[in-house]
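Visitor: compute the structure for the input listed below.
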Amino acid sequence: MEKDLIKLSIEHGIAHVCLNRPSKINALSYDMFIAIDKVIKQLASDKRVNAVILSGAEGNFCSGLDVKSVASSPSKAIKLLFKWLPGNANLAQRVSIGWQRLPIPVIAVLEGCCYGGGTQIALGADIRIASAECKLSIMEAKWGLVPDMAGLVALRQIIPKDKALLLTYSADILTAQQALELGMITQISDKPHEAAVALAHKIMCTSPDANAAIKLSINRSWTGSIRSLLARESLSQIRLLMGKNRVIAAIRQTKTPDKSYVSRQSWW
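Guide: Residues are numbered from 1 along each chain as shown. Below you'll find the predicted structure:
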């Protein structure tokens, strides 16, 4: 297995996750899928972490699937796609949808290439901040493939169906400005990593329990029924009202702005 494919550091409650295969423009090998999946599982169980910043090494986010690497081993391709039940997420899908399933805000920093599988991973983040020169593409059709890494879970919520079909059929490469106009990215910044850090600190001023509940409610209710939305909001609010962090949030607003939150509840 290749070493140090993912760099992880945790500073002041912020997890910095960096895709680290710069010699291949951070392309996704089988080992890299394993490494990303492992980091997501690690973050899910670490209640010290209240925000995640996801980036790529040396000025690129990810150039997509390393087709040669994966195709050279049929057994690895099978492991990548295998699942016990059709509705479960396989390894290829977990590296995208896994970020959505974390009870933590996830901010992706997009620079340079963000193609194919890289775009699928980026779509798993809650917020995407891109540099002006970043290029994005849903590129799988060029290889005779369908996008199968669960990026559609987010894509169907942020752009119209005809636009999604057009981008996927054509495999066109988008500029950051085009992606912003479509809604695929949240904002463009001259210093996207610094912008992400500033946003993470801003988010961490609010209760980690509230952030977890907000992410759960919005992700599950966005395309769900009104009845399930109403039930989820009410149940989440009751849990928040009973928690310590709700009291701390009120204290921070009225008495002690720097009072620390306690570890978040288990929401997922």
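
Visitor: centroid residue for this structure?
Guide: Closest residue to the average C-alpha location of the chain: residue 125 at 2.2 Å, with Cα atoms, centre = their mean.

Visitor: roughly how far does that one sit from residue 146?
Guide: To residue 146, residue 125 is 22 Å away according to Cβ to Cβ, to the nearest Å. For every residue, glycine as well, the C-beta is placed using N, CA and C.

Visitor: cool, and residue 196?
Guide: Distance from residue 196 to residue 146, by Cβ to Cβ: 31 Å.

Visitor: more neighbours: which of the two?
Guide: Neighbours around residue 196 and residue 146, counted as other Cβ atoms under 10 Å, are more numerous at residue 196. The numbers are 26 against 9.

Visitor: so the more buried one is in which element?
Guide: Under the criterion of DSSP states H and E, residue 196 resides in helix 192-203.

Visitor: after that helix, next one along is what?
Guide: The next secondary structure element downstream of helix 192-203 (using DSSP H and E) turns out to be helix 208-221.

Visitor: can you tell me what sits against the lowest-mean-pLDDT helix or strand in the chain?
Guide: Here the helix or strand of the chain ranked lowest by mean pLDDT, DSSP states H and E is helix 67-71, holding a mean of 80. The contact list for helix 67-71 (Cβ atoms under 8 Å, 6 or more residues apart in numbering) reads 27, 28, 29, 30, 76, 77, 80, 143.

Visitor: may I have the phi/psi pair for the second one?
Guide: In this entry, residue 28 is assigned phi and psi values of phi -90, psi 100 (degrees, to the nearest 10).

Visitor: okay, now residue 214: neighbour count?
Guide: 16.

Visitor: residue 175 versus that one, what's the distance?
Guide: As for residue 214, its distance to residue 175 is 31 Å (criterion: Cβ to Cβ).

Visitor: same question, residue 27
Guide: In terms of Cβ to Cβ, residue 27 sits 21 Å off from residue 175.

Visitor: give me the more crowded residue out of the two.
Guide: Taking other Cβ under 10 Å, residue 27 and residue 175 do not tie; residue 27 has more neighbours (25 against 15).

Visitor: can you name the residues that contact the more buried one?
Guide: Residue 27 sits next to 21, 62, 63, 64, 65, 66, 69 when contact means Cβ under 8 Å, 6+ apart.

Visitor: show only the entries of those residues found in helices.
Guide: residue 69 (DSSP state H).

Visitor: and the next helix or strand past the strand or helix carrying residue 32?
Guide: Taking DSSP H and E as the definition, residue 32 sits inside helix 30-44. As assigned by DSSP H and E, the chain's next helix or strand after helix 30-44 is strand 51-56.

Visitor: walk me through which strands that next one pairs with, and which way each runs.
Guide: strand 14-19 (parallel), strand 106-110 (parallel) (DSSP bridges).

Visitor: any idea of the mean pLDDT for it?
Guide: Per-residue pLDDT over strand 51-56 has a mean of 98.

Visitor: now the stretch 151-268 of the chain, which segments are flagged as low pLDDT?
Guide: Applying pLDDT under 70 to the stretch 151-268 of the chain flags the ranges 267-268.
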